[in-house]
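>>> Okay, predicted coordinates and the sequence, questions at the end:
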Amino acid sequence: NAGVMQNPRHLVRRRGQEARLRCSPMKGHSHVYWYRQLPEEGLKFMVYLQKENIIDESGMPKERFSAEFPKEGPSILRIQQVVRGDSAAYFCASSPRGDRGNEQYFGPGTRLTVT
Amino acid sequence: AQKVTQAQTEISVVEKEDVTLDCVYETRDTTYYLFWYKQPPSGELVFLIRRNSFDEQNEISGRYSWNFQKSTSSFNFTITASQVVDSAVYFCALMMYNFNKFYFGSGTKLNVKP
């Protein structure tokens, strides 16, 4: 049973370009979460999605960031016009349900470097 | 507001030593969950344990044990007879009852030397 898949594992973008990060949840999981980890810091929640719905986007920056989880295909975290401060590791997690206190299964992360 | 503090940034021990990783949390809610995750050098986070706020029983799993004390808002993690493979960053996290998102501490990097 494959775990949470994220690609690419490493992504380099120049300032002003767009970054697209993909996340395929574990088989049977319909809930996806995105977190950002800045260097030497813990993970910070960004957004929680269910298939075709954004449930909680309280951690998403107001501009340039968007996320989707379509009916078919992976979840996508999109960062437009990247800036150096966007350099971080972005982790995706999934859970089978939205039950309270659900364990979340994490992917290996995508390390974004903005030059 | 919710907050998790892991005051120990980095700990180094020699193999076979016992080591305790501290976690202190803040919340006004009475119902919540506490977690520990391990992040090995490969990067992914590995689930270790979940505790809900109603269950203050300590838990032991092999060489790992957890001490949950609501009175001091702490959820400490002890590794007995540490091994080199325990070297990783360990995160403590808080999840509120009605929300499916984690509040993570900043992590403790554990170095176990042979």
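The structure has been received and is ready for your questions.

>>> where's B:Gly105 relative to chain A, distance?
Using CB to the nearest CB, to the nearest Å, B:Gly105 is found at 5 Å from chain A. Just so you know, the C-beta spots here come from the backbone N, C-alpha and C atoms, and that holds for glycine as well.

>>> same check, this time on B:Glu56
Distance from B:Glu56 to chain A, by CB to the nearest CB: 16 Å.

>>> what's the helix or strand for residue 94?
Just so you know, I chose chain A. strand A:88-95 (DSSP states H and E).

>>> You answered for a different chain; I wanted chain B.
Going by DSSP H and E, B:Leu94 is part of strand B:88-96.

>>> May I have that strand exported as CSV, CA atoms only?
Output of strand B:88-96 as CSV, limited to C-alpha atoms (Å, rounded to 0.1, in the frame of the first residue of the first chain):
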residue,chain,number,x,y,z
ALA,B,88,15.8,12.2,13.9
VAL,B,89,13.8,15.4,14.5
TYR,B,90,10.9,14.8,16.8
PHE,B,91,7.7,16.9,16.7
CYS,B,92,5.0,17.3,19.3
ALA,B,93,1.7,18.5,17.9
LEU,B,94,-1.7,19.6,19.2
MET,B,95,-5.0,19.2,17.4
MET,B,96,-8.2,20.8,18.7
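
>>> quick one: contacts for residue 82?
Looking at chain A here, since you left the chain open. A:13-19, A:64, A:112, A:114 (CB atoms under 8 Å, 6 or more residues apart in numbering or on different chains).

>>> actually it's chain B I care about, not the one you picked
Contact partners of B:Ser82, counting by CB under 8 Å, 6+ apart, are B:13, B:15-19, B:63, B:110, B:112.

>>> Greatest separation within these: which pair is it?
B:Lys16 and B:Leu110 (14.0 Å; CB to CB).

>>> which residues does A:Leu11 bridge with?
Assessed by DSSP bridges, A:Leu11 has beta-bridge partners A:Leu112.

>>> actually B:Arg50, sorry about that
For B:Arg50, the beta-bridge partners are B:Phe35 (DSSP bridges).

>>> Test for you: state the pLDDT assigned to it.
At B:Arg50, the pLDDT value in this model is 92.

>>> and if you look at B:Glu26?
Reported pLDDT for B:Glu26: 96.

>>> Please name the residues that touch it.
Contacts of B:Glu26 by CB under 8 Å, 6+ apart are B:1-5, B:73.
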